[in-house]
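J.: I would like to see how this sequence folds:
(chains A and B)
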Amino acid sequence: MQEPSGDREARWAAMLRAGLAGDGAAYARFLREVTPVLRGVVRARGRALPPDSHEDIVQEVLLSIHAKRHTWRSDHPVSPWLYAIARHKVVDAFRRRGAYVDLPIEDFADDLPAPPEPDALAARDVDRFMAQLDPRSAEIVRSIALREESHDEVGARLGLSATALRVGLHRAMKKLQALGRERP
Amino acid sequence: MRTDDLIAGLARQPAARSLTDARIRLVLVGAVVVSAALFLTLAGLRPDAPAAYLRPLVATKTALSGLLFLTLLAQLPRLARPEAWTELRTLAFCLSPAIGAGLWAATFVLRAPADRFAEVTPASVAECLGFITLISILPTAAILRVLAGAAVAHPGRAGALAGLTAAAGSATGYSLFCTQDNPLFYVFWYGLAMALVAGVSALVGRRVLAW
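T.: Residues are numbered from 1 along each chain as shown, chains lettered A, B, ... in the order given. Just a heads-up that it's a prediction; the model follows:
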């Protein structure tokens, strides 16, 4: 659940103000709160880049925020300043990696915090890849990995022995991972 | 390196002094004053000073440059904040050029053809362009240096505006030496000198203001 952006704005401003005055703990809290926002934007726009460079980009943006922290005036709001720096650096980081990105400022405003480790198979991607599996493999993956039915149930339903089911699941997961690696 | 470790490292030195609007303006005004004063000390004021400054066309020459300088100076600090580009009110920058254009047109109409461009000689043009550019060097370098430490959203455009401001201030100082009182001369050639400085400053800015 997202808090009202006004409260977050006030909290960030207080933390950054304290940080600039020398409060390291407040400054660290500020950076830690900002990080998931950055991660979300980089992940959302960074489909063209391999997932392991996403965190590198997040770190580059954090370094820029740190290097330019003296450009924030405490009598101005934090969010526009932060988003402007982040957007500038994200576009720059993508460009240096050969991926051009259109990054409207709304991307930062409508953020949702992202989990710490980027997973290779986000839910949306899985559906797309599942469509590329044969129906039998797709059903196995859906039943066991996604719906978490027991092996016995699934084996009975599909007419597969336990071994055949295990092998089928193993092959299907390998195929999915291969699809995940070669996505554009 | 893990992101958590990076944050912990950055948080070891959190303190920073904010770059204020006042400091940006002070640097530019200071550099303009120093540079123009140095020039005027070496080259001297115009021979018929100070009485000449009371003549309307002479006073207008200084006032127009000064007006452009002040309207740009007022908004210049916005260039240093990455989110403030949309806050620029470019209409304000157009005030002085608009008055200048009107003055140029009126003078053109009111003067006999022989009197319009009589002052335009290689020497007078070279002097005007050369000196304004020369006086602009220090203020342009100073303001670019300050902005390079900021977070400029558009390095090229910011360089152009910064250079234009420096040149406008320099032209104001130069006008105290200059004896070309025909608006057809000074509106155009001062304008061209400022545009040249702005152009060079834009190119330098693209490199120096990038981050």
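J.: number of nearby residues for the closest residue in space to B:Arg116 that isn't next to it in sequence?
T.: Spatial nearest neighbour of B:Arg116, chain neighbours left out: B:Leu184 (5.4 Å); criterion: CB to CB, 6 or more residues apart in numbering or on different chains. Placement of C-beta: from N, CA and C, glycine included. When neighbours are counted by other CB atoms under 10 Å in any protein chain shown, B:Leu184 registers 20.
J.: how about the one 10 residues further on?
T.: By the other CB under 10 Å criterion, the neighbourhood of B:Met194 contains 26 residues.
J.: can you give me the mean pLDDT across the helix or strand where it lies?
T.: Secondary structure assigned from DSSP states H and E places B:Met194 in helix B:183-208. Throughout helix B:183-208, pLDDT has a mean value of 98.
J.: go on, stretch B:30-47?
T.: Stretch B:30-47 comes out at a mean pLDDT of 97.
J.: put the alpha carbons of that stretch into CSV.
T.: Provided in CSV are the C-alpha atoms of stretch B:30-47 (Å, rounded to 0.1, in the frame of the first residue of the first chain):
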residue,chain,number,x,y,z
GLY,B,30,31.8,39.8,-9.3
ALA,B,31,33.5,38.4,-12.4
VAL,B,32,31.8,41.0,-14.6
VAL,B,33,32.7,43.9,-12.4
VAL,B,34,36.4,42.7,-12.1
SER,B,35,36.7,42.1,-15.8
ALA,B,36,35.0,45.3,-16.9
ALA,B,37,36.8,47.4,-14.3
LEU,B,38,40.2,46.0,-15.5
PHE,B,39,39.3,46.9,-19.1
LEU,B,40,38.1,50.4,-18.3
THR,B,41,41.2,51.0,-16.2
LEU,B,42,43.4,50.1,-19.1
ALA,B,43,41.3,51.6,-21.9
GLY,B,44,39.7,54.4,-20.1
LEU,B,45,36.1,55.8,-20.2
ARG,B,46,34.9,57.5,-23.3
PRO,B,47,36.6,61.0,-23.7
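J.: list the buried residues in it.
T.: B:31-32, B:35-36, B:39-40, B:46 (16 or more other CB atoms under 10 Å in any protein chain shown).
J.: before we move on, the earlier item: tell me the gap between the helix holding B:Met194 and the middle of its chain.
T.: Distance, stretch centre to chain centre, for helix B:183-208: 8 Å (CA atoms, centre = their mean, to the nearest Å).
J.: pull out the buried positions in that helix.
T.: By neighbour count on 16+ other CB under 10 Å, the buried set for helix B:183-208 is B:183-191, B:193-194, B:196-198, B:200-202, B:204-206, B:208.
J.: so which residues on chain B come close to chain A?
T.: B:1, B:3-4, B:6-8, B:10-21, B:80-83, B:149-151, B:153, B:211 (CB under 8 Å from any CB of the partner chain).
J.: now do the end-to-end distance for stretch B:34-54.
T.: In stretch B:34-54, first residue to last residue: 24 Å (CA to CA, to the nearest Å).
J.: A:Gly22 reaches B:Pro14, doesn't it?
T.: Yes: counting by CB atoms under 8 Å, B:Pro14 is a contact partner of A:Gly22 at 6.2 Å.
J.: which of these two has more neighbours?
T.: B:Pro14 (22 against 12).
J.: now do the contacts for that one.
T.: By CB atoms under 8 Å, 6 or more residues apart in numbering or on different chains, the contact list for B:Pro14 reads A:19-20, A:22-24, A:26-28, A:69.
J.: may I have the phi/psi pair for it?
T.: phi -80, psi -30 (degrees, to the nearest 10).
J.: distance of it from A:Ala18?
T.: 8 Å (CB to CB, to the nearest Å).
J.: isn't the residue nearest to B:Arg116 right up against B:Phe108?
T.: Yes: contact criterion CB under 8 Å: B:Leu184 and B:Phe108 qualify, at 6.1 Å.
J.: show me whatever sits in contact with both of these two.
T.: Among the neighbours of B:Leu184, those also in contact with B:Phe108 (CB under 8 Å, 6+ apart) are B:Arg116.
J.: for chain A, what lies in contact range of chain B?
T.: Going by CB under 8 Å from any CB, the residues of chain A near chain B are A:19-28, A:31-32, A:35, A:55, A:58-59, A:62-64, A:66-74, A:76, A:80-81, A:83-85, A:88.
J.: inside helices: which ones of the residues you listed?
T.: Among the residues of chain A next to chain B, the residues falling in helices (DSSP state H) are A:19-20, A:24-28, A:31-32, A:35, A:55, A:58-59, A:62-64, A:66-67, A:80-81, A:83-85, A:88.
J.: what's the following helix or strand after the least confident helix or strand in chain A by mean pLDDT?
T.: When the helices and strands of chain A are scored by mean pLDDT, DSSP states H and E, helix A:123-130 comes last with a mean of 56. Downstream of helix A:123-130, the next assigned helix or strand under DSSP H and E is helix A:135-141.
J.: which of the residues in that next one are classified as buried?
T.: Residues of helix A:135-141 classed as buried by neighbour count (16+ other CB under 10 Å): A:137-141.
J.: and what of stretch B:116-133?
T.: Quick answer for stretch B:116-133 (16+ other CB under 10 Å): B:116, B:119-120, B:124-125, B:127-129, B:131-133.
J.: which among the residues of chain A next to chain B count as buried?
T.: A:19-20, A:23-24, A:26-28, A:31-32, A:35, A:55, A:58-59, A:62, A:64, A:66-73, A:80-81, A:83-85, A:88.
J.: buried sites along stretch A:82-96?
T.: Those buried within stretch A:82-96 under the rule 16+ other CB under 10 Å are A:82-94.
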